[in-house]
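**Q** let's see this in three dimensions:
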Amino acid sequence: MSDTVEIEKKFLVTGDGFKEGADRKVIRQGYIAADKRMNVRVRQKGDKCFLTIKAQRDETSRHEFEYEIPCAHAETMLKEVCEKPPIEKIRYTVDYAGKTWEVDVFEGVNAGLMVAEIELKSADEPFDKPDWIGREVSSEPRYLNARLIEEPFNTWGVSYGDLLKS
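**A** Predicted coordinates:
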């Protein structure tokens, strides 16, 4: 179990330079409940499964409670309890300039979308950006995984290239 305050920033990804030397895991996740203030999600990450509760603290941080659960339970929840369609993605974990970046390459109804996240100790903590990092989208709710179930990328009516330009 982890109980932390999460402070993260999200960015679009401009290339695939993050793949070299990165750890790679397939992720499937679904949401039991999600709104602007809180969400409860089930995640299958490789051969491990988790139940996670995230609750908004303020504009830049959230409480996060995560518990490992049996994968048979997660599979049942993903099939029978969670909203559809589930989020499908490949997560690449990359170390850069003393920080860990997580790059999600989405599949399924969100195919074509790539979002990188970095967790920070404070909202104003300085960090270096790799050359494959594009514009920041931290304050844009449509990039939240819980929103991608409601409004998948394939319904946005824009190309990924257009997102990088805006």
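
**Q** CA atoms for contacts and neighbours, from now on please.
**A** OK.

**Q** please go through the protein and pick out the longest helix.
**A** If each helix of the chain is counted by residues according to DSSP state H, the longest one is helix 71-80.

**Q** for it, name the packing helices and strands.
**A** strand 38-45, strand 48-56 (3 or more Cα pairs under 8 Å, 6 or more residues apart in numbering; DSSP states H and E).

**Q** let's see it at 10 Å
**A** Contacts defined by 3 or more Cα pairs under 10 Å, 6 or more residues apart in numbering; DSSP states H and E place helix 71-80 against strand 23-34, strand 38-45, strand 48-56.

**Q** relative to Ala146, which of those strands is closest?
**A** strand 23-34 (6.4 Å; Cα to Cα).

**Q** how far off centre is the closest one?
**A** Distance, stretch centre to chain centre, for strand 23-34: 8 Å (Cα atoms, centre = their mean, to the nearest Å).

**Q** partners of it in the sheet?
**A** strand 38-45 (antiparallel), strand 87-96 (antiparallel) (DSSP bridges).

**Q** mind listing what the residue lying closest to Phe50 once chain neighbours are set aside touches?
**A** Nearest non-adjacent residue to Phe50, counting by Cα to Cα, 6 or more residues apart in numbering: Glu68, 4.3 Å away. Applying Cα atoms under 10 Å, 6 or more residues apart in numbering to Glu68 gives the contacts 1-2, 42-44, 48-52, 74.

**Q** which of the helices and strands packed on helix 71-80 is buried the deepest?
**A** strand 38-45 (a mean of 21; mean count of other Cα atoms under 10 Å).

**Q** pull the number of nearby residues for Glu75.
**A** 17 (other Cα atoms under 10 Å).

**Q** what's the angle between the one helix or strand in the chain whose mean pLDDT sits lowest and strand 48-56?
**A** Lowest by mean pLDDT, DSSP states H and E among the helices and strands of the chain is strand 2-13, with a mean of 84. When axes from the mean of the first three to the mean of the last three Cα atoms, to 10 degrees is applied, the directions of strand 2-13 and strand 48-56 differ by 90 degrees.

**Q** with just CA atoms, put the longest helix of the chain into PDB.
**A** Output of helix 71-80 as PDB, limited to C-alpha atoms (Å, rounded to 0.1, in the frame of the first residue of the first chain):
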ATOM      1  CA  CYS A  71      -5.400 -10.100 -10.400                       C
ATOM      2  CA  ALA A  72      -8.500 -12.300 -10.600                       C
ATOM      3  CA  HIS A  73     -10.400  -9.600  -8.700                       C
ATOM      4  CA  ALA A  74      -9.000  -6.900 -11.000                       C
ATOM      5  CA  GLU A  75     -10.000  -8.900 -14.100                       C
ATOM      6  CA  THR A  76     -13.600  -9.200 -12.800                       C
ATOM      7  CA  MET A  77     -13.800  -5.500 -11.900                       C
ATOM      8  CA  LEU A  78     -12.500  -4.500 -15.400                       C
ATOM      9  CA  LYS A  79     -15.000  -6.800 -17.100                       C
ATOM     10  CA  GLU A  80     -18.100  -6.200 -14.900                       C
END
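
**Q** no further questions, thank you.
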